[in-house]
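>>> Pasting a predicted model and its sequence here:
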Amino acid sequence: LELAIACKSSDEARIETALTELGAISVSLLDAADVDNENAILEPGVGEIPLWADITLLALFTDETHEGVLLHALDAFDDGIDWSQATFRTVADQDWERAWIDQFKPMQFGKRTWIIPWHAEPPGEAENAVIIRLDPGLAFGSGTHPTTALCLQWLDGLELKDKTVLDFGCGSGILALAALKLGAKAAIGVDNDPQALLASQNNADRNGVGQELQVFLPDSE
């Protein structure tokens, strides 16, 4: 059960606390005033928690939660919470990772580099190209984010033969894999998330370059 409730930024913390105490599995914040995301908050300063002036909170509850009881509890919480514009919807069970993978299509970067999901056949124009097989998973990096895309384009234009590449913050290992496939002799992946190291090594093994990649946590590297 998903509850959507509008509020001002000054009330966000109080309402989020109420929703959490009432059993919300998760609470997400959206910009209520701009559906086109023109007011995106990017790279806030250290210690800053910027908020939009008008916010929509989306709270997920277990499906047996009763809507009326939930609204009554909000009304009684700490001087009351205005839920007059609140709406509910049922979020159906879905294999979210599978749904994302099914939308993940082959992508070209530069002249010769392609990221292709495991379930897809390489397109005709990818013949004789450098192909990295990858599915979205536990760690960041599938080629869809602009920073990853720019790095892949840059790697595609480099002469990497006999070079060793350091992928610092390797995530899924996508950049290290691309470098190895483009001719680098070795790559080192560093990440502070152990799951990222598992993902990087697994992706390297599946792409046939597992022996050329070493992965480390920052301290051990």
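Good, I have the coordinates.
>>> how many neighbours does the closest residue to Lys111 other than its chain neighbours have?
Using C-beta to C-beta, 6 or more residues apart in numbering and skipping residues adjacent in sequence, the residue nearest Lys111 is Asp156, 6.3 Å away. Every residue, glycine included, has its C-beta placed from N, CA and C. Burial measure for Asp156: 18 neighbouring residues, criterion other C-beta atoms under 10 Å.
>>> Would you mind measuring from the residue of the chain most remote from its centre to Asp11?
Within the chain, the residue lying farthest from the chain centre (C-alpha atoms, centre = their mean) is Asp79, at 37.1 Å. Per C-beta to C-beta, to the nearest Å, Asp79 is found 11 Å from Asp11.
>>> separation between the residue farthest from the centre of the chain and Ala24?
20 Å.
>>> Centre-most residue in the chain?
Closest-to-mean residue, the chain, C-alpha atoms, centre = their mean: Phe140 / 5.9 Å.
>>> just to revisit the earlier point, does the residue nearest to Lys111 really touch Ile115, like I thought?
No: with contacts counted by C-beta atoms under 8 Å, Asp156 stays clear of Ile115, the gap being 11.2 Å.
>>> So which elements touch the longest helix along the chain?
Longest helix in the chain by number of residues, with DSSP state H as the criterion: helix 194-206. On a contact count with 3 or more C-beta pairs under 8 Å, 6 or more residues apart in numbering; DSSP states H and E, helix 194-206 meets helix 174-181, strand 186-190, strand 213-216.
>>> Mind doing that once more with 6 Å?
Using 3 or more C-beta pairs under 6 Å, 6 or more residues apart in numbering; DSSP states H and E, the elements in contact with helix 194-206 are strand 213-216.
>>> Could I get the buried residue list for the strand it packs on?
The neighbour-count check on strand 213-216 (16 or more other C-beta atoms under 10 Å) flags 213-215 as buried.
>>> Let's have these in TSV, adding distance to Gly47 and pLDDT.
Converted to TSV, these look like this (distance: C-beta to C-beta, whole Å; pLDDT from 0 to 100):
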residue	distance to Gly47	pLDDT
Leu213	36	98
Gln214	35	97
Val215	31	97
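>>> Dig out what Glu2 forms beta bridges with.
Taking DSSP bridges as the rule, Glu2 bridges to Leu60, Arg89.
>>> gap between the two ends of stretch 199-218?
16 Å (C-alpha to C-alpha, to the nearest Å).
>>> Go through it and flag the buried ones.
For stretch 199-218, by 16+ other C-beta under 10 Å, it's 199-204, 207, 209-210, 212-215.
>>> will you turn these into JSON lines that also has distance to Ala184?
Compiled in JSON lines, the buried residues of stretch 199-218 are given as follows (distance: C-beta to C-beta, whole Å):
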{"residue": "Ala199", "distance to Ala184": "19"}
{"residue": "Ser200", "distance to Ala184": "15"}
{"residue": "Gln201", "distance to Ala184": "16"}
{"residue": "Asn202", "distance to Ala184": "19"}
{"residue": "Asn203", "distance to Ala184": "15"}
{"residue": "Ala204", "distance to Ala184": "12"}
{"residue": "Asn207", "distance to Ala184": "13"}
{"residue": "Val209", "distance to Ala184": "9"}
{"residue": "Gly210", "distance to Ala184": "14"}
{"residue": "Glu212", "distance to Ala184": "8"}
{"residue": "Leu213", "distance to Ala184": "10"}
{"residue": "Gln214", "distance to Ala184": "13"}
{"residue": "Val215", "distance to Ala184": "15"}
